[in-house]
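Enquirer: sharing a model that was predicted from the sequence below.
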Amino acid sequence: MRVRTRFASLLGSLALIACPTAFAAEDAHWYVGASFGGSQFDLDDQARQIDSDLVLGGAASSSTTTRKDSDSGLKAYAGYSWSKNFGVEFGFVSPGEASLQTQVPGELFIGAVDVSGWFGAFVATLPLGNGFSVHAKAGPFAWKIDADLHSTMTTTSVVNKNDGFDFMAGAGLGYEINEDVGARFEFERFQVGDDSFDYISAGVLFRF
């Protein structure tokens, strides 16, 4: 009987955590938002893959790829907060492109790597007062990479497409402009296989 009682108590506690109505109803809300920001890419593995494709494919005896690792991009998201401290968020991020330049003997390839993906995250928020708050987030990230380079001298091209499932994490500062509108400044890191990119953004969100 004691075991059953403890088990029932545990189930009740889990139900309170899982059910949004267990928290203060006035703090629960849906929201949508968008942000614009700058990206910093770390695509060493992608560059090595392009060099390997050119050499192993017989297009060149050697290959060296260099990158411009910064760009700007957009993020859109929707979320649900079931209290002032906890919520979940889902969104799409398109951080821009990393420009590529690949030098092989007697030939130059130029192009870009486009990265994008969908993410989901658990969000923990700490109110600071006067409308300000800080938050942290983490969760899965489903990504896609499209690399496309073209020779400047011939019709040869290199196309490399990959996708995968990794994770993301971030932290940010929020400000409540009013009950319905807020602002966010965030730093996030998205893992893309053995590569990654950092995204620093500012944007607005709308609660309803």
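Expert: Perfect, I can see it now.
Enquirer: what is the subsequent helix or strand relative to the lengthiest strand in the chain?
Expert: The single longest strand within the chain, with elements called by DSSP state E, is strand 107-129. Sequence-wise, the next helix or strand downstream of strand 107-129 (DSSP states H and E) is strand 132-151.
Enquirer: which helices and strands sit right next to that next one?
Expert: On a contact count with 3 or more Cβ pairs under 8 Å, 6 or more residues apart in numbering; DSSP states H and E, strand 132-151 meets helix 44-56, strand 86-104, strand 107-129, strand 157-176, strand 181-192. Any C-beta I mention is one placed from the backbone N, CA and C, and that applies to glycine too.
Enquirer: would you format those as CSV with mean neighbour count included?
Expert: Supplementary listing: those in CSV, determined by neighbours: other Cβ atoms under 10 Å:
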stretch, mean neighbour count
helix 44-56, 17
strand 86-104, 19
strand 107-129, 18
strand 157-176, 16
strand 181-192, 19
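Enquirer: out of those, which comes closest to residue 70?
Expert: strand 86-104 (7.9 Å; Cβ to Cβ).
Enquirer: isn't residue 183 up against residue 174?
Expert: Yes: contact criterion Cβ atoms under 8 Å: residue 183 and residue 174 qualify, at 6.9 Å.
Enquirer: how near is residue 38 to residue 144?
Expert: 21 Å (Cβ to Cβ, to the nearest Å).
Enquirer: so the longest strand of the chain versus strand 157-176, what angle?
Expert: 10 degrees (axes from the mean of the first three to the mean of the last three Cα atoms, to 10 degrees).
Enquirer: quickly find the element holding residue 202.
Expert: Short version: residue 202 belongs to strand 195-207, going by DSSP H and E.
Enquirer: looking at that strand now, give me its mean pLDDT.
Expert: Averaging pLDDT along strand 195-207 yields 95.
Enquirer: same check on stretch 69-79?
Expert: 94.
Enquirer: for that stretch, C-alpha coordinates in CSV please.
Expert: Output of stretch 69-79 as CSV, limited to C-alpha atoms (Å, rounded to 0.1, in the frame of the first residue of the first chain):
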residue,chain,number,x,y,z
ASP,A,69,32.8,32.8,-42.2
SER,A,70,30.3,35.5,-41.4
ASP,A,71,27.0,36.6,-42.7
SER,A,72,23.5,37.8,-41.5
GLY,A,73,20.3,35.9,-41.4
LEU,A,74,16.8,35.5,-39.9
LYS,A,75,15.0,33.4,-37.3
ALA,A,76,11.3,32.9,-36.7
TYR,A,77,9.8,31.0,-33.8
ALA,A,78,6.7,30.2,-31.8
GLY,A,79,6.5,29.2,-28.2
